[in-house]
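Colleague: need a structure here:
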Amino acid sequence: MAIENGFDFRELNKFEKDLLEAAQNIKNGKYVKKFLRKEGTKLNKENKKQAKASKINKKTGNFMKGFKRGKPYKYRGTGDFAIRAYNNAPHAHLLNNGHRIVDKNNNERGFKKGEYFMEKAEKEFKGEFYDDCRKFIDEMLENHEL
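Modeller: A predicted model of the protein is given here:
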């Protein structure tokens with residue numbers, strides 16, 4: 001609903017949509033893509049920090065090398081840009097979400113709880129991301145006369 005606590009946000013929501021549309025259309029979304037790449041890199045740094053802070057920090061394998069940032073893309077036909085920050089190590093999801101402990105005879109011996117480092121990084125990064133978005137919007141308004 002557009003009216004909350006006695007305030008009518010319909011005009012503000014329309015302005016927000018117009019501003020996002022303008023940002024995506026300026027030079028084919030060049031500025032938005034650059035912003036998203038920068039934010040994806042920051043999120044990956046936070047992912048690595050949270051993974052090191054958890055009990056996962058092992059010196060073997062390629063787990064820490066597996067943190068990657070994807071390319072900006074249009075999200076599911078909505079026209080909105082998005083970017084992924086992920087770990088492509090084959091066991092990363094097991095360390096994050098937890099897994100069954102199974103012996104060679106396929107007998108379950110227990111369950112290893114996940115560390116949820118990706119979710120922790122998301123929670124830690126959220127405030128910084130909102131601040132960066134505000135700065136980006138201010139910059140768009142100043143530099144492109146919107």
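
Colleague: quick check, pLDDT for the residue of the chain most remote from its centre.
Modeller: For the chain, the largest distance from the centre (C-alpha atoms, centre = their mean) belongs to residue 105, which lies 39.1 Å off. On the pLDDT scale, residue 105 is placed at 94.

Colleague: excluding chain neighbours, what is closest to residue 41?
Modeller: residue 69 (5.6 Å; C-beta to C-beta, 6 or more residues apart in numbering). To be clear about C-beta, it is placed using only N, CA and C from the backbone, and glycine gets the same treatment.

Colleague: then residue 111?
Modeller: residue 100 (5.7 Å).

Colleague: identify all contacting residues around the helix or strand containing that neighbour.
Modeller: Under the criterion of DSSP states H and E, residue 100 resides in strand 98-102. The contact list for strand 98-102 (C-beta atoms under 8 Å, 6 or more residues apart in numbering) reads 108-114.

Colleague: run the chain-centre distance for that strand.
Modeller: How far strand 98-102 lies from its chain's middle: 27 Å, per C-alpha atoms, centre = their mean, to the nearest Å.

Colleague: distance of the residue nearest to residue 41 relative to residue 82?
Modeller: 12 Å (C-beta to C-beta, to the nearest Å).

Colleague: of the two, give the one with the bigger neighbour count.
Modeller: Per other C-beta atoms under 10 Å, whichever of residue 69 and residue 82 has more neighbours is residue 69, with 20 against 13.
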